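K.L.:
Generate coordinates for the sequence data below:
(chains A and B)
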Amino acid sequence: MAAELEHRAFLYSGDDDFLRTAVPFLEEGVAAERAVVVVARAANVALLREAAAGLGSAVEFFESESFYRHPVRTLNQYQHLVVGQAPRRVYALAEPVWTGHEPRGLLEWMRYESLINAVFADSGATALCPYDRDRLPPQIVEQARRTHPDLLVDGVAAPSPHYEEPLRYGAGCDRQRTFDRPRLAEYLPFHTEDLRDVRAFVAERAALFDLDEMTAQNLVTAVNEVAANALQHGVPPMGVWMWESGPEVVCEIGDNGFWQPDALTGFLPPRSALQRGFGLWTVRLLVDLMEVRAGWDGTFVRLRMRR
Amino acid sequence: METLWSVRRSVRDLRPGDHAWLAYVNQEERRHVAGAFVRDGLLAREKVVYLAAPGELIPGVVGLPSADLLTVVTMEHLRTEAGACGDADAAAAMRALAAEIVAAERLGCRAIRVTADMTWAVRGPGGLDRLMACERHIERAVGPSTTVTAVCQFDQAGLTADELASVGATHSVLVTPDPEFEDSVLRIVRTFAPRGLALSGELDASRHMVLSQALAMVMAAGPAHEVHLDLKNLTFIDLGALNMLAEVAAARASGGLILDRMPAQLRTVVDTVGWTTLPGLRIGED
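P.N.:
Next up, the predicted model:
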């Protein structure tokens, strides 16, 4: 039943080159009776709607600007699509949004491309990811060669010599994180599974830092889960720091142990709450960004919420 | 059943002088609450007087308590199938109860618990007047007493809403089930219609065990039934608890776990993860 994922970066140059590959790709998918979807930037959706009009309702279109807003939620949306269409396999033209990100956000989207390989490894899905090689910064195109096992350039399909397994790629992303903490960050240690003081600490500051009520509640739920994890796997002393940073409110939960979350921790959608990893996956969905650093001095999980 | 003027007290908080009432929705609730009242009394070696129909099973009795501790006053007209009740029967029942109380006090009992299902008194013509007369008798015996606690049981299905309101007004206390668990953070109480538990406060890993035990008790009592969790007053639930509830639901052969009146915090979490990740759990009423 399990079939391999085909995940290919398509490095195109100009609209004509884009359509020369994209249209036959969609036609093939429709001919093979796959669940064909296009998730592309609005401009490319418009191009394809016209050029592939003959395929009619066999192709479903989404605009990337609204589909790619939060990497883990997007993974989850694709997962729903894959599960919902089964046993039909998904056949997707998938183009993330690469503009308007902070460096940290950009890193997450590159990592997202890499995670596709892990999350959908056995889905039998086909994904063609267009990269505008004339307009995108070279760094983004270079990363696409690392995050996609296959390439398509100037009509030539070949394996990518620079491809890295998601675990390794993600570890590289984690290494790039800087984890400086402002001196004015407030700190609350915790010792027991009774985390009501931690929740009150986070809720009070969340209100002070102007998080709306639902965002604050989600942050409290997320902090509680990470703290419970630290209690289960970590080593004291343990505590939570909290501060505001520009448009974000940041919570960091740290312990002196080394519970070795790996670069995929919390990224793989569990089938149900009964599966290991349900907690941290939910945390990743609830917050805007979860960053993990496992260092010589302990394990630190940083949760960011935009206000 | 609740009236504005009634004081709510759980079984363990009842004290001498309390003339309490229980308007039960089903036999399970009746046996749960009246059973706790009887059992606590016997365990504390207090006198328990139970007015019952002949052959009626007395809830909360374990083994064979001595007659010094438990007196069951039986009367033929208390049978459900006995038909209409007369004023003379009611007066006889009240006399019998009063005599037992006096006898227990003479024996020097520090605490006397009296309980009866009083639904019979309304059967037949003039039912409410008869019942009110009985209640005044009991009130006179219990109200000023420093030894007697009384619990009058009523079948909600056997009385009209107006009758229940009148009956409620003659009691100073509404008795509620003892919480299955209660501390400064979390409170777990049995519910009977629907069957399940009502949670209030906050739930995190430190209290998963007590919830799991309370759930096990409810489920053991009705293996094939759905179990409802009333979450209205649960201000926080952690992800580990969702995992635990899904495990409990998955381990059950039949009858799922239904989450009623989910608070906003839980609703957001469930919307985020999706019901498909929570097999066996279902959304109930709002």
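
K.L.:
Skip the chain neighbours and tell me the closest residue to A:L26.
P.N.:
Closest residue to A:L26 apart from its sequence neighbours, by C-beta to C-beta, 6 or more residues apart in numbering or on different chains: A:A52 at 5.2 Å. Glycine gets a C-beta too; all of them are placed from N, C-alpha and C.

K.L.:
actually A:L81, not the one I typed
P.N.:
Among residues not flanking A:L81 along the chain, A:V90 sits closest, at 5.8 Å (C-beta to C-beta, 6+ apart).

K.L.:
and the one you found, what are its phi and psi?
P.N.:
Phi and psi for A:V90, reported as degrees, to the nearest 10, are phi -80, psi 140.

K.L.:
Quick check: beta-bridge partners of it?
P.N.:
A:A35 (DSSP bridges).

K.L.:
so what's B:E202 closest to, chain neighbours aside?
P.N.:
The spatially closest residue to B:E202, leaving aside those adjacent along the chain, is B:F236, at 4.1 Å (C-beta to C-beta, 6+ apart).

K.L.:
same check, this time on A:Y112
P.N.:
Of all residues not flanking A:Y112 in the chain, A:P71 sits nearest, at 3.9 Å (C-beta to C-beta, 6+ apart).

K.L.:
Now do the contacts for the one you found.
P.N.:
A:E108, A:W109, A:R111, A:Y112, A:L115 (C-beta atoms under 8 Å, 6 or more residues apart in numbering or on different chains).

K.L.:
Most neighbours among those residues, which one?
P.N.:
Highest neighbour count within these, by other C-beta atoms under 10 Å in any protein chain shown: A:L115, with 23 neighbours.

K.L.:
Check the gap between that one and A:L136 for me.
P.N.:
Relative to A:L136, A:L115 is positioned 20 Å away (C-beta to C-beta, to the nearest Å).

K.L.:
and B:R113, which of the three is it?
P.N.:
What DSSP: H, G, I helix; E, B strand; the rest coil gives for B:R113 is strand.

K.L.:
I'd say it and B:A44 touch.
P.N.:
No - judged on C-beta atoms under 8 Å, B:R113 makes no contact with B:A44 at a distance of 9.3 Å.

K.L.:
Which of those two has more residues huddled nearby?
P.N.:
For B:R113 and B:A44, the more surrounded residue by other C-beta under 10 Å is B:R113, and the numbers stand at 25 against 12.

K.L.:
Show me what that one is bridged to.
P.N.:
Judged by DSSP bridges, the bridge partners of B:R113 are B:V48, B:T149.

K.L.:
List the residues that contact it.
P.N.:
Shown in contact with B:R113 (C-beta under 8 Å, 6+ apart): B:F37, B:V38, B:G41, B:E46, B:K47, B:V48, B:V49, B:V148, B:T149, B:A150, B:V151.

K.L.:
In the lowest-mean-pLDDT helix or strand in chain A, which residues are buried?
P.N.:
The weakest-scoring helix or strand in chain A, judged by mean pLDDT, DSSP states H and E, is strand A:289-295 (a mean of 89). Within strand A:289-295, the residues scored as buried using 16 or more other C-beta atoms under 10 Å in any protein chain shown are A:L289, A:M290, A:E291, A:V292, A:R293, A:A294.

K.L.:
and whichever helix in chain A runs longest, C-alpha only, in CSV?
P.N.:
Assignment by DSSP state H gives helix A:213-233 as the longest helix of chain A. Presented in CSV, the C-alpha positions along helix A:213-233 are these (Å, rounded to 0.1, in the frame of the first residue of the first chain):
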residue,chain,number,x,y,z
GLU,A,213,-7.5,36.2,25.1
MET,A,214,-7.5,33.2,22.7
THR,A,215,-3.8,33.7,21.8
ALA,A,216,-3.0,33.9,25.5
GLN,A,217,-4.9,30.7,26.2
ASN,A,218,-3.1,28.9,23.4
LEU,A,219,0.2,30.0,24.8
VAL,A,220,-0.7,28.8,28.3
THR,A,221,-1.7,25.4,26.9
ALA,A,222,1.5,25.2,24.9
VAL,A,223,3.8,26.3,27.8
ASN,A,224,2.0,23.8,30.1
GLU,A,225,2.7,21.0,27.7
VAL,A,226,6.3,21.8,27.2
ALA,A,227,6.8,22.2,30.9
ALA,A,228,5.1,18.8,31.5
ASN,A,229,7.5,17.3,28.9
ALA,A,230,10.5,18.8,30.7
LEU,A,231,9.2,17.3,34.0
GLN,A,232,8.9,13.9,32.4
HIS,A,233,12.2,13.8,30.5
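
K.L.:
mind listing what whatever helix or strand comes next after that helix pairs with, with the direction of each?
P.N.:
Downstream of helix A:213-233, the first helix or strand assigned by DSSP states H and E is strand A:238-245. Using DSSP bridges, the strands paired with strand A:238-245 are strand A:186-190 (antiparallel), strand A:248-255 (antiparallel).

K.L.:
Since that was my last question, I'll sign off now.
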